[in-house]
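Student: the sequence isn't on hand, but the structure is:
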């Protein structure tokens, strides 16, 4: 079992930046691929970014490509999501998720989830 705790959300203006963090604890062993997802009110949870075990491979949703960067520090059991040039459409609860071995863009592939952190973007 691994536990995930997100932080770093908040209220920002359009064009601002935020960095989200996700700290893993429990049976980490650095064997988990990680993903970030988000869910806005009335919408389904959607994929944002994913990163491989080593961090060498990343993948982004088209809506955030070029603005968001996912990274990880395995020495700290932490995954980050750097969000630049935020738009009102980016407002949502952001969740990190973990799964053994390979990362995925599908939320249903991830068994472990954090509680989420709220990101609000004013126009």
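Tutor: Arrived safely. Treat the numbers as computed from the prediction; the structure is a model and nothing was measured.

Student: so the one residue sitting closest to the centre of the chain, which state does it fall into?
Tutor: Most central in the chain under Cα atoms, centre = their mean is residue 36, positioned 2.5 Å from the mean C-alpha point. Using DSSP: H, G, I helix; E, B strand; the rest coil as the criterion, the local structure at residue 36 reads strand.

Student: name the helix or strand for the spatially closest residue to it that is not a sequence neighbour, please.
Tutor: Counting by Cβ to Cβ, 6 or more residues apart in numbering, the nearest residue to residue 36 once its immediate chain neighbours are dropped is residue 48, at 4.3 Å. Every residue, glycine included, has its C-beta placed from N, CA and C. Here residue 48 sits within strand 46-51, counting by DSSP states H and E.

Student: other SSEs contacting that strand?
Tutor: strand 32-39, strand 58-60, strand 68-73, strand 78-83 (3 or more Cβ pairs under 8 Å, 6 or more residues apart in numbering; DSSP states H and E).

Student: for residue 98, which of those strands is the nearest?
Tutor: Nearest to residue 98 among those is strand 32-39 (4.1 Å), distances taken as Cβ to Cβ.

Student: can you give the distance of that closest one from its chain's centre?
Tutor: 5 Å (Cα atoms, centre = their mean, to the nearest Å).

Student: which secondary structure elements does it sit against?
Tutor: Using 3+ Cβ pairs under 8 Å, 6+ apart, strand 32-39 sits against strand 18-26, strand 46-51, strand 68-73, strand 78-83, strand 92-100.

Student: that one: partners in the sheet, and parallel or antiparallel?
Tutor: Here strand 32-39 has these sheet partners by DSSP bridges: strand 46-51 (antiparallel), strand 92-100 (antiparallel).

Student: is the closest residue to residue 106 other than its chain neighbours in a bridge, and if so with what?
Tutor: If the residues on either side of it in the chain are set aside, residue 106 comes closest to residue 47, at 7.3 Å by Cβ to Cβ, 6+ apart. When bridges are called by DSSP bridges, residue 47 pairs up with residue 37.

Student: so how far is residue 16 from residue 47?
Tutor: Separation of residue 47 from residue 16 (Cβ to Cβ, to the nearest Å) stands at 23 Å.
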